[in-house]
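**Q** Here is my input, please return the structure:
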Amino acid sequence: MVNYYLESISKQFEYYKLLGERTFSQLKDEQLFWKYNDDSNSIAVIVNHLSGNMLSRWTDFLTSDGEKEWRNRDAEFENNIKTRKELMDKWNEGWTCLFEAVKSLTTDDLEKVIYIRNQGHTVMEAINRQLAHYPYHIGQIIFLGKMLANNEWISLSIPKGHSQPFNEAKFSQPKQKEHFTNEILKDKK
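**A** From the prediction side, this is the model:
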């Protein structure tokens, strides 16, 4: 079960990364920088924050506090990304750091204690913390993307009014051993 945990969390992170990317692909460049008001965040700002968090949390994951001294969290909420390329570079930099750290973990690491802001977490707790944090922000990205794309939005899940045909198609097949993330990630390739 523990071996499966590391594989499972990698797939979950990949799935949420893909949802963000499928949202970006549906938007015009200027929509990535749109804000509802001065107190809200654009998609670019959310990406900047996610990347900053990922770099801080996953760099030297097992050996240094997850809140790095060099991190400037407040600056992550400033709109300093100017182009889609910069946005994608930031996005990929954070995810690369995360995936490299996760890939280096062994089952023996899961019970080790690491620190985030001087608060102890087992490695498994720290991973679960991030697996809750990132989808929260990716949900914000999707919500903004859906509003901005409006009638041109292509659903990232089962579209409204299509649950019955979707379920009928699924239940007409033999039981699947693969988890839903495997199916979605195969579609990516």
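
**Q** Below-threshold pLDDT in this structure: ranges please.
**A** Counting by pLDDT under 70, the low-confidence segments of the chain come to 1-2, 179-189.

**Q** For it, just list every one of the strands.
**A** Here the chain has its strands, by DSSP state E, at 113-116, 119-122.

**Q** Take the ones you listed and lay them out in TSV including mean neighbour count and distance to Asn72.
**A** All C-beta atoms are positioned from the backbone trio N, CA, C, and that covers glycine. Shown next, in TSV, are the strands of the chain (neighbours: other Cβ atoms under 10 Å; distance: least, Cβ to Cβ, whole Å):
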stretch	mean neighbour count	distance to Asn72
strand 113-116	15	17
strand 119-122	13	20
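
**Q** Spit out the contact partners of the nearest residue to Gln31 once chain neighbours are set aside.
**A** Computed as Cβ to Cβ, 6 or more residues apart in numbering, the closest residue to Gln31 that is not its neighbour in sequence is Leu148, at 4.4 Å. Contact analysis of Leu148 by Cβ atoms under 8 Å, 6 or more residues apart in numbering lists 27, 31, 34.

**Q** Which of these sits closest to Ser163?
**A** Using Cβ to Cβ, Leu27 is the member of the contacts of Leu148 that lies nearest Ser163, at 26.0 Å.
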